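> need a 3D model of the following:
(2 chains)
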2 protein chains.
Amino acid sequence: MKSSHDYALILAGGRGTRFWPRSRKAHSKQVLSFTGERTLIQQTVDRLKEVMPPERIFILTNPALRAEIIKQLPEVPKRQILAEPAQRNTAPAIGLAAHLIAQQDPEAVMGVFPADHVITKPKRFLKFVRAAFAGAAKGKMIVLGIQARWPETGYGYVEFAPGFVAGGTTPLQVASFREKPKLEDAQKYLESGLFCWNAGMFFWKTAVYQEALRQFMPKTATLLAALPKPSARNFISELERIFPLCENVSVDYGVMEKAQNISGLATDDIGWNDVGSWNAVYELLTNPKSANVSQGESLAIESRGNYVDAGKKLVALVGVEDLVIVDTPDALLIASRHQSQKVGDMVKLLEKLKRDELL
Amino acid sequence: MKSSHDYALILAGGRGTRFWPRSRKAHSKQVLSFTGERTLIQQTVDRLKEVMPPERIFILTNPALRAEIIKQLPEVPKRQILAEPAQRNTAPAIGLAAHLIAQQDPEAVMGVFPADHVITKPKRFLKFVRAAFAGAAKGKMIVLGIQARWPETGYGYVEFAPGFVAGGTTPLQVASFREKPKLEDAQKYLESGLFCWNAGMFFWKTAVYQEALRQFMPKTATLLAALPKPSARNFISELERIFPLCENVSVDYGVMEKAQNISGLATDDIGWNDVGSWNAVYELLTNPKSANVSQGESLAIESRGNYVDAGKKLVALVGVEDLVIVDTPDALLIASRHQSQKVGDMVKLLEKLKRDELL
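Numbering: from 1, shown residues only, chains lettered A, B, ... in the order given. Next comes the predicted model:
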């Protein structure tokens, strides 16, 4: 059953530099497709459309990406696809969306979703989303936990209280939020069985989040409260003036770690993947791990484990293994698949060299 | 001193498939540049122009390449750049050139040169070329030997008589010609100190070669003798009829191994390299062997030993070693540098798949 007070905020401001050269400032990870014909943000909206009409979906992105997102999502009202005037991390961004949604519907319950994750089992996922919306409608602040499958040091963790079992749809007490851990700690988390990955999916009434902001980030709360209505002529200019003054803090650090009585829903296997590198794309697309994966045509002689993305060009592989090969009209990337997380460093190098035309 | 009877034949019919995708049927190895701005065939002509005017240079190639060679060598008379109507290996090709040159100058001495080798010390090389022409003018059949530097199994060898010392300009008796040896034999050749590589460079009077053909390949000799003069209206049509009937045999096998009293000049270090693969190009261009070599712009993070040729495109390397990366508008090659001799197999695969547009 769809509640008419459920809203979604999709956070789509990231750059995803690890997908260079396919990703660029005006064409970054969330608007690319890796595992199918729909882009990551389109897949995100497709999933949410099962639980709410697109008229209740809001998207926050950056100025370089807004045009492309509007193009990809004709079903989402254009005025609900907003560019943040400055990068202020997630706490103010969610605050801004809460402000806008609350003006439209004071009873609103909002879910926060990243724009660039893959979920291969959407039906299972939506079971938890519905339960989270229902819990939030009762006034709870709810985080969706992802089943931890290895001691990842690149994610934050959500700790549940002893006795916890994953996969239920009744919100459980969260014991603590943990930031990205050291490997040793991540291993302990995994062994304890009490920890889930924090994938940045949150659910609450807009009024509850606004109250939390007033309590933990009063400066930001005051600034956002002073915004005129979105229909006002000076809305954009005021947003551009006010938003950069907000505190540059994540919702995890600024709100969740400080709030009491956070609840959580621990998902079981929903096929979640944050697609953090070209290697993650490769692993999503192949099993076993020795095949060559090619978007487009490739021919291989004594080669295996390669990921190839080169448009309409034929790619010939001779005696090579475990490479990522991504060709675009102005830049060609050849990376070791096992070092593909360092592609972001290449983007930093290009920034340093002021090669803006390639960014 | 330039003798007015010295002529050159440049054999430029090969395909050089190991340089795909840069090399194509109509743009193969000999018309490409690897180590400088001049192409391999231009460098070959540049060297020979030091000992004879371009009016005495003849070039035999295949129909697909002739237009490009004419374009690259405006100084060589167009009528001396001929396409062989069929591939009949080197013995008939040299016979055809001998026929044409002899009609122009019955006293002619011809040198035979491959079109696609690099010689980094041309002055030293020309010292031997002049000595070879001088010896050939006295009626000798002379082969130019290349100092063997490792037990290569991909070349033929020239064996000299005991007591031989490389680097002299007096023709020496050749004891035997050996075809591509097994590694064990190649190692013995190298240790004996009596063997040079056979790089396909020969010198003789046209009349002497024609006589040898009559003796060892009489069918081919008779066919070629029946050709009309090049100025005759039916020359091309007769060539197209007759040439495919010639025996498909190399000069080494058809003539040199059978002839008595072959002389040789053993060069010392002339910087010869037959540029047999992308790896050979890499090694010609770098020292030590760990640098990245790039034709065009590349950026590297934790990468070494790579050869990059990608036109105006930026190539970004992340964590990769010893690769050959060659990008063209319709095909991209990624090969292990140590397996770059297998690039020819990729071309065979494309032929099998009838991908003519990529050949």
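
> please put the alpha-carbon coordinates of stretch A:197-208 into CSV.
In CSV, the C-alpha atoms belonging to stretch A:197-208 read as follows (Å, rounded to 0.1, in the frame of the first residue of the first chain):
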residue,chain,number,x,y,z
TRP,A,197,27.2,-1.6,6.3
ASN,A,198,25.8,1.9,6.3
ALA,A,199,24.8,2.6,2.7
GLY,A,200,23.4,6.1,3.3
MET,A,201,19.7,5.2,3.3
PHE,A,202,17.6,6.9,5.9
PHE,A,203,14.0,7.4,6.7
TRP,A,204,12.2,9.9,8.9
LYS,A,205,9.5,12.5,9.0
THR,A,206,10.7,15.8,7.6
ALA,A,207,9.6,17.4,10.9
VAL,A,208,11.7,14.9,12.9
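
> show me which positions of that stretch end up buried.
A:197-206, A:208 (16 or more other C-beta atoms under 10 Å in any protein chain shown). (Each C-beta comes from the backbone N, C-alpha and C, glycine too.)

> what does stretch A:347-359 give?
Neighbour-count burial for stretch A:347-359 [16+ other C-beta under 10 Å]: A:347, A:350, A:355, A:358-359.

> which other helices and strands does the top strand by length along chain A contact?
Counting residues, the longest strand found in chain A (DSSP state E) is strand A:195-205. In terms of contacts (3 or more C-beta pairs under 8 Å, 6 or more residues apart in numbering or on different chains; DSSP states H and E), strand A:195-205 is packed against strand A:109-114, helix A:122-137, strand A:141-147, strand A:156-160.

> now these as a markdown table including mean neighbour count?
Below are the helices and strands packed on strand A:195-205 laid out as a markdown table (neighbours: other C-beta atoms under 10 Å in any protein chain shown):
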| stretch | mean neighbour count |
| --- | --- |
| strand A:109-114 | 24 |
| helix A:122-137 | 20 |
| strand A:141-147 | 24 |
| strand A:156-160 | 22 |
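
> reformat these as a markdown table; add distance to chain B and mean pLDDT.
Formatted as a markdown table, these follow (distance: least, C-beta to the nearest C-beta, whole Å; pLDDT from 0 to 100):
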| stretch | distance to chain B | mean pLDDT |
| --- | --- | --- |
| strand A:109-114 | 25 | 98 |
| helix A:122-137 | 33 | 97 |
| strand A:141-147 | 28 | 97 |
| strand A:156-160 | 27 | 96 |
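
> can I get the ones you listed in JSON lines with distance to residue B:111?
Below are the helices and strands packed on strand A:195-205 laid out as JSON lines (distance: least, C-beta to C-beta, whole Å):
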{"stretch": "strand A:109-114", "distance to residue B:111": "72"}
{"stretch": "helix A:122-137", "distance to residue B:111": "75"}
{"stretch": "strand A:141-147", "distance to residue B:111": "75"}
{"stretch": "strand A:156-160", "distance to residue B:111": "75"}
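
> domain map for chain A?
Domain assignment for chain A by automatic domain parsing gives A:6-273, A:278-358.

> can you list these in TSV and add distance to residue B:257?
Below are the domains of chain A laid out as TSV (distance: least, C-beta to C-beta, whole Å):
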stretch	distance to residue B:257
domain A:6-273	55
domain A:278-358	35
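
> re earlier: closest to chain B out of the buried residues of stretch A:347-359?
residue A:358 (6.2 Å; C-beta to the nearest C-beta).

> so where's the stretch 1-150 of chain A shaky on pLDDT?
For the stretch 1-150 of chain A, applying pLDDT under 70 flags the ranges A:1-3.

> mind redoing it with 90?
A:1-4, A:14-16, A:34-37 (pLDDT under 90).

> that older thread, farthest pair within the buried residues of stretch A:197-208?
The span of the buried residues of stretch A:197-208, defined through C-beta to C-beta, is set by A:197 and A:206 at 25.6 Å.

> if we can go back for a sec, out of the helices and strands packed on strand A:195-205, nearest to residue B:139?
Of all those, the one in closest proximity to residue B:139, counting by C-beta to C-beta, is strand A:109-114 (85.5 Å).

> good, we can wrap up now.
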